[in-house]
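Q: Sequence and predicted model, in that order:
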Amino acid sequence: MSMIDTVLSKADANLDSSLEKMFALCRIKSISTDPAYKDECAAAAQWLVDDLKALGFEASVRATPGHPMVVAHHAGEREDAPHVLFYGHYDVQPVDPVNLWETDPFQPQIRELNGRKVISGRGTSDDKGQLLTFVEACRAYKEAHGALPVKVSILFEGEEESGSPSLKPFLEANATELKADFALVCDTNMWDSQTPAISAGLRGLVGEEIVVKAADRDLHSGYFGGAAANPIHILADILAGLHDETGKVTLPGFYDGVEETPDHVKAMWETLGMTSDKFLGEIGLSVPSGEKGRSVMELTWARPTAEVNGITGGYTGEGFKTVIAAQASAKVSFRLVGKQDPDKVRESFRAFVKSKIPADCSVEFHQHGGSPAIQLPYDSQMLNKAREALTAEWEKPAVMIGMGGSIPIVGDFQRMLGMESLLAGFGLSDDRIHSPNEKYELRSFHKGIRSWIRIMAALAA
């Protein structure tokens, strides 16, 4: 029997005890957003430290202005072994409304759901069960082989569900200690229950609020209509001009840094069977928007966007009021891909808006965040080794997918620690995270442990 087969067999033999550990951690009510659970968050951090120390990690609870961090380190079996930083979070969302839970949210249990065995309870999928797949993979290695194939550092956060206010200062203060060859992040999903996935790209974001001002007060539309500038008209013209007839964004320089998705990756996405009808049908729509000639996977994973998120202006109450508003505002967000520069996109948008403002009117801008996209090279050795390892475990080719949103920690690792991140998680879209009746597939937990064993072996090789 090969070394990896021995470790996999140990993980199988440990499954019951691994579940007991998961249940113990999930019983701790580590709700980070509610100050009433501060002691529970501290207890979860200490539980993890004690467990990691028992595995041979050098582990400690690190104080922050908010909830504590857990930091741990373990040597690899070779001095020249790759060094990975594994990230997860031990805090959870509130459980309200409790009356909608079918079981006690903090008494995890295995039950049947649609013919499948699932583990129910808050934190089972997001993120306690997920992070423990990696810890239990390390346990199987230590018990079967006596060593880990790679150098491992661990960072478990306690504020992910409440905005991570302590994370950036902590990374800045401990950058030297936390720096590794690359990061492993488990807080993601599979494509479906049979198909593992690696998230190779995360879109960035630019948020802008604009306020167009005209007259010094609201005006009677009968007396001033036709002569006075109408901020709502001006705003509507600006927003309508953000796209051309093909769905492309019209801002000068907007597509600088946007690269085409490789054909072999688009072919991989086509095998997933996600059509426009299927994707949009779930939300009661049928006609694709955005750039013409692009699949819905391209549009949501690999292309930049300009979206209007809200508009205000004039009278919006009951009944009717014939008024020309003194001002109108809109919130606009841009999702970025590739190497688009958030600052340049913001500058281009503001210049475009200013060019549409009449001489006797004005505009104010309010910035609402900005971050670049994250994109792993599709030919990355790390990514392809992990893909081969996942394929070997699940017996169905792992797919490289994108994510329409963003995971801030991944950008922080890249910008602050100079590390790329491998995003491989085993959650499913129906795990009901943040909602009543959260669950984690028993199969996901078991094969997640086995997957990290294979990934660590592949990275070490």
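A: Yes, it's here. Numbering: from 1, shown residues only.
Q: Next, count neighbours for the closest residue to G222 other than its chain neighbours.
A: The shortest distance from G222 to any residue other than its chain neighbours is 6.3 Å, reached at T322 (C-beta to C-beta, 6 or more residues apart in numbering). Where C-beta positions appear, they are placed from N, C-alpha and C, glycine not excepted. Around T322 sit 11 other residues, with neighbours defined as other C-beta atoms under 10 Å.
Q: likewise V323?
A: Residues within reach of V323, counting by other C-beta under 10 Å, total 15.
Q: again, but for T64
A: Quick note: T64 (other C-beta under 10 Å) scores 16 neighbours.
Q: residue contacts, it?
A: By C-beta atoms under 8 Å, 6 or more residues apart in numbering, the contact set of T64 is E159, S166, P169, F170.
Q: and with 6 Å instead?
A: Applying C-beta atoms under 6 Å, 6 or more residues apart in numbering, we find T64 in contact with S166, F170.
Q: So for it, what's the pLDDT?
A: T64 carries a pLDDT value of 98.
Q: Use 797 as the first number for this chain going forward.
A: All set: I'll call the first residue 797, so the last point we hit is now T860.
Q: Am I right that it sits in a helix?
A: No - assessed with DSSP: H, G, I helix; E, B strand; the rest coil, T860 is coil; it does not lie in a helix.
Q: Would you mind measuring from it to S962?
A: 4 Å (C-beta to C-beta, to the nearest Å).
Q: and what of M1178?
A: M1178 is 28 Å from S962, by C-beta to C-beta.
Q: Please apply the same query to P893.
A: In terms of C-beta to C-beta, P893 sits 29 Å off from S962.
Q: more crowded one of these two?
A: S962 (20 against 9).
Q: Verify the stated contact: that one with G862.
A: Yes - if you go by C-beta atoms under 6 Å, S962 and G862 touch, sitting 4.5 Å apart.
Q: who touches both of the two?
A: Common neighbours of S962 and G862, using C-beta under 6 Å, 6+ apart, are E955.
Q: Any idea how far the host helix or strand of K913 is from the middle of the chain?
A: K913 belongs to strand 912-916 when assigned by DSSP states H and E. In terms of C-alpha atoms, centre = their mean, to the nearest Å, the centre of strand 912-916 is found 24 Å from the chain centre.
Q: Show me what that strand is packed against.
A: strand 905-909, strand 1235-1237 (3 or more C-beta pairs under 6 Å, 6 or more residues apart in numbering; DSSP states H and E).
Q: Helix or strand next in line after the last one, which one?
A: Proceeding N to C from strand 1235-1237, the next assigned helix or strand is helix 1238-1256, under DSSP H and E.
Q: Send over stretch 1218-1229 as PDB, restricted to the C-alpha atoms.
A: Extracted C-alpha coordinates of stretch 1218-1229, given in PDB (Å, rounded to 0.1, in the frame of the first residue of the first chain):
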ATOM      1  CA  LEU A1218      -6.000  28.200  -4.000                       C
ATOM      2  CA  LEU A1219      -9.700  28.200  -3.300                       C
ATOM      3  CA  ALA A1220     -11.100  24.700  -2.900                       C
ATOM      4  CA  GLY A1221     -14.100  24.000  -0.700                       C
ATOM      5  CA  PHE A1222     -16.700  21.300  -0.500                       C
ATOM      6  CA  GLY A1223     -19.900  23.200   0.300                       C
ATOM      7  CA  LEU A1224     -23.000  23.000  -1.900                       C
ATOM      8  CA  SER A1225     -25.300  25.800  -3.100                       C
ATOM      9  CA  ASP A1226     -28.200  24.300  -1.100                       C
ATOM     10  CA  ASP A1227     -26.300  24.200   2.200                       C
ATOM     11  CA  ARG A1228     -28.500  27.100   3.500                       C
ATOM     12  CA  ILE A1229     -25.500  29.000   5.000                       C
END
